[in-house]
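1. Could you work out the structure for the sequence below:
(chains A and B)
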Amino acid sequence: MLEARHLGKSYRLGEADVVALADVSLAFPRGSITTVVGRSGCGKTTLLRILAGLERPTSGALVRGEAGAGRTGVVFQEARLMPWLDALGNVAFGLRRRLPAALAEERSRAALDMVGLAAFADAMPGQLSGGMAQRVAIARALVTEPDLLLLDEPFAALDAFTRRAMQGELVAIWQAKRPTIVFVTHDVEEAVLLGQHVLELERGRVVGFEPVDLPFPRDPTDAAVNGHRRRILAKLTAPPPPHAAGGPAVSSASPADKETAP
Amino acid sequence: MPRLSTLAVLLATLAAWHLASASGWVSPFLLPSPRTVFETLIDLSVSGVLAKHVLVSLRRVVSGYLLAIALAVPVAVLFSLSRPLRSMVEPLLEFLRQIPPLAMMPLLILWLGIGEAQKVGIIVLSCFFPIFLGVRGGIAAVDRKLIDVGTVYGFSRTEIMLRIVLPSALPSIVVGLRIGLGYSWRALVGAELIASSAGLGYMIVDAENLARTDIVLAGILVIGLLGLVSDHLLRALIRRKVRWLAEDLEMARA
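-> Just a heads-up that it's a prediction; the model follows:
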């Protein structure tokens, strides 16, 4: 169980305080998939980076239950592979220091096999297509057998067909290994297809939390799926309530979001 | 393998050289024919004179170059790690970088004499900065996003430096190493021209004093060839050790 308690993050940008995240509280039950959806600059990447330990919250705290911190795997929007290592080397990148080399290689091959790239172990990142590179990144995140898997718009740069296939693969992997998954996306359809819970963020604030109680794999044309999509879209595109209408400083993207914004 | 057009340019240059001296257009004293130079080269090789000078020069280049690497790489890494150190010392280094190593020769001769130490010193001075800047630049340009990956895995600062920062700085480091090697040859020959009793530079000045332009030209050819060969060897070494860099190697010929 992972729990965010009143998480807030603000930056000082010149004279203005930029609020990237304001008072986000949420529990991520063990083995669940939560998707976080919102437009660019809503604070979703900041939330994920805090969960990943890449940034510290300026207020609130992160509570990780069950005997301390387990392993965390992160998949970023770009594959972020080390260009000097082949696919296998990249998957093994985070493993080497805790495992003997032979065992690390065996595990890494198994992880590559899981994402369907067993034949490309020797390929260098420059030789891989976007989808293949992202598969390697997923294998790299999975190989440590994380109990928390964080994904930041991992399929946003992929074409629609590849994206659909990868969504299916992610669900299959989740069903097989049951890590706790937090998946950030700006695509409402993707959020509904993958999430057991969908967290809606707008200007750093939680504007909705929607349980999606449908069996996997889900069909994007399914009526129930579309019902959820409509409801979430309505909430995200509604004019903000007066008390939340901060100045321009609040609505501008946080530095962390700018980094991955297209 | 050199391509046909490359070969044609080389042959044309050789032919023009030959014509210039054979036709009497340029005095054979000022520009001996390729054939004379070639024969001189053979003579020098057979007598062992050439080998002696080449060995002396090579030894100086190798020791100066290695010493410069041993100095420049740690200093550059240290600078990259410490912002205060950078802001304190970098302006001074920037100033020193503007001084041509040969301008330091008179001082170096006074300080180190005219022996090996002075030759090695001038090489270190001349190739320190290309190597230093290559390492510094490479480290400064590291993609923060790759460092995030290491942070997620809980890497320490040392691990991030060794496993992410240095490997990704390698293309820039390699460029610095290659430029540095080229500079060290140039500086060495300059140093040997000014004060020396052996080495290829010395061989050239000595021949000039004896009015042997054929030996001067032979020496120049050998210096050029050795530079080419050493650059090729360095590239071959890099290509074997760091395969993923192979396509970056063609840039920055120095």
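2. gap between the residue of chain A found nearest chain B and B:I215?
-> Relative to chain B, the nearest point of chain A is A:G94 (3.8 Å; Cβ to the nearest Cβ). In this view, the C-beta of every residue, glycine as well, is placed from N, C-alpha and C. Per Cβ to Cβ, to the nearest Å, A:G94 is found 61 Å from B:I215.
3. What of B:V77?
-> In this view, B:V77 and B:I215 are 44 Å apart by Cβ to Cβ.
4. Please say which of these two ends up with more neighbours.
-> Neighbours of B:V77 and B:I215, each counted by other Cβ atoms under 10 Å in any protein chain shown, are more numerous for B:I215; the result is 23 against 17.
5. which residue packs closest to that one, ignoring adjacent ones?
-> Distances taken as Cβ to Cβ, 6 or more residues apart in numbering or on different chains place B:A207 nearest to B:I215, at 3.5 Å, with adjacent residues excluded.
6. My guess is the one you found contacts B:L217. True?
-> No. Counting by Cβ atoms under 8 Å, B:L217 is not a contact partner of B:A207; they are 9.0 Å apart.
7. Please say which of those two ends up with more neighbours.
-> In this view B:A207 and B:L217 are compared by other Cβ under 10 Å, and B:L217 has more residues nearby, 22 against 19.
8. residues contacting the residue nearest to B:I215?
-> B:213-216, B:219 (Cβ atoms under 8 Å, 6 or more residues apart in numbering or on different chains).
9. again, 10 Å this time
-> Going by Cβ atoms under 10 Å, 6 or more residues apart in numbering or on different chains, B:A207 touches B:40, B:44, B:213-219.
10. Next one: residue 244, what pLDDT does it get?
-> Picked chain A for this. For A:A244, the pLDDT comes out at 47.
11. switch to chain B, that's the one I care about
-> Looking at B:W244, its pLDDT is 71.
12. Do I have it right that it meets A:N90?
-> No. B:W244 is beyond contact range of A:N90, at 11.7 Å (criterion: Cβ atoms under 10 Å).
13. who has more neighbours, those two?
-> When B:W244 and A:N90 are compared for neighbours, A:N90 comes out ahead with 28 against 17, by other Cβ under 10 Å.
14. in which helix or strand would I find that one?
-> helix A:87-92 (DSSP states H and E).
15. In three-state terms, label A:S40 for me.
-> Assigned by DSSP: H, G, I helix; E, B strand; the rest coil, the conformation of A:S40 is coil.
16. ok, it - how many residues close by?
-> Using other Cβ under 10 Å, the number of residues around A:S40 comes to 14.
17. pLDDT score for it?
-> 83.
18. Closest residue of the stretch 101-250 of chain B to chain A?
-> At 3.8 Å from chain A, B:Y153 is the closest residue in the stretch 101-250 of chain B, using Cβ to the nearest Cβ.
19. Name all residues that make contact with that residue.
-> Counting by Cβ under 10 Å, 6+ apart, B:Y153 touches A:71-74, A:93-98, A:140-141, A:144, B:159-160, B:163.
20. Among the residues you listed, show me the least confident.
-> Note: of the contacts of B:Y153, the lowest pLDDT belongs to A:R96, at 62.
21. sec struct for the residue nearest to A:D23 when sequence neighbours are not counted, please.
-> Once flanking residues are discounted, A:D23 sits nearest to A:H6: 5.2 Å by Cβ to Cβ, 6+ apart. Classification of A:H6 using three-state DSSP returns strand.
22. so how many other residues sit close to A:H6?
-> A:H6 has 12 neighbouring residues, counting by other Cβ under 10 Å.
23. Quick one, grab the pLDDT at the residue nearest to B:I215.
-> pLDDT at B:A207 comes out at 91.
24. cool, B:V120 as well?
-> What the model reports as pLDDT for B:V120 is 91.
25. quick one: contacts for it?
-> Taking Cβ under 10 Å, 6+ apart, we find B:V120 in contact with B:59-68, B:112, B:184, B:188, B:191.
26. Quick check, B:S82 in contact with B:A76.
-> No. Counting by Cβ under 10 Å, B:S82 does not reach B:A76; the two are 11.5 Å apart.
27. which of those two has more neighbours?
-> Under the criterion of other Cβ under 10 Å, the comparison of B:S82 against B:A76 puts B:A76 first, with 24 against 12.
28. which SS class is A:R98?
-> When classified by three-state DSSP, A:R98 comes out as coil.
29. and it, how many residues sit next to it?
-> Neighbourhood size, A:R98 [other Cβ under 10 Å]: 12.
30. so where does A:V206 fall, helix or strand?
-> A:V206 is part of strand A:205-211 when elements are defined by DSSP H and E.
31. Next: B:L44.
-> helix B:34-47.
32. on contacts alone, who are the packing partners of that helix?
-> Here helix B:34-47 touches helix B:4-22, helix B:49-81, helix B:200-209, helix B:213-241, going by 3 or more Cβ pairs under 10 Å, 6 or more residues apart in numbering or on different chains; DSSP states H and E.
33. Select, out of those, the one closest to A:N226.
-> Closest to A:N226 of the helices and strands packed on helix B:34-47, according to Cβ to Cβ: helix B:49-81, at 53.1 Å.
34. Rounded mean pLDDT for that closest one, please.
-> Across helix B:49-81, the average pLDDT comes to 93.
35. picking that back up, might you calculate how far the strand holding A:V206 sits from the centre of the chain?
-> Relative to its parent chain, strand A:205-211 has a centroid offset of 16 Å by Cα atoms, centre = their mean, to the nearest Å.
36. Just the buried residues out of the contacts of B:V120, in PyMOL syntax.
-> The PyMOL command for the buried members of the contacts of B:V120 (criterion: 16 or more other Cβ atoms under 10 Å in any protein chain shown) is given here:
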select buried, chain B and resi 60+61+64+65+67+68+184+188+191
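37. Going by distance to B:M88, which of the contacts of B:V120 wins?
-> B:A68 (22.4 Å).
38. who in chain A is up against chain B?
-> Chain A comes close to chain B at residues A:49, A:52-54, A:69, A:71-86, A:90, A:93-98, A:124-126, A:137, A:140-141, A:144, A:146, A:150, A:259-260, as judged by Cβ under 10 Å from any Cβ of the partner chain.
39. List only buried entries from the residues you listed.
-> A:49, A:52, A:54, A:71-86, A:90, A:93-95, A:124-125, A:137, A:140-141, A:144, A:146, A:150, A:260.
40. low pLDDT regions in the stretch 1-150 of chain A?
-> Applying pLDDT under 70 to the stretch 1-150 of chain A flags residues A:65-70, A:96-97.
41. What ranges does it have for its helices?
-> According to DSSP state H, counting those that start in this stretch, the stretch 1-150 of chain A carries its helices in the segments A:44-51, A:87-92, A:101-114, A:130-142.
42. closest to A:D23 out of those?
-> Closest of these to A:D23 is helix A:44-51, at 11.7 Å (criterion: Cβ to Cβ).
43. CA-only coordinates of the closest one, as PDB, when you get a sec.
-> Extracted in PDB, the C-alpha atoms of helix A:44-51 (Å, rounded to 0.1, in the frame of the first residue of the first chain):
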ATOM      1  CA  LYS A  44       0.500  14.700 -13.100                       C
ATOM      2  CA  THR A  45       4.200  14.300 -14.000                       C
ATOM      3  CA  THR A  46       5.100  16.100 -10.800                       C
ATOM      4  CA  LEU A  47       3.000  13.600  -8.800                       C
ATOM      5  CA  LEU A  48       4.700  10.700 -10.500                       C
ATOM      6  CA  ARG A  49       8.200  12.100 -10.000                       C
ATOM      7  CA  ILE A  50       7.400  12.500  -6.300                       C
ATOM      8  CA  LEU A  51       6.200   8.900  -6.100                       C
END
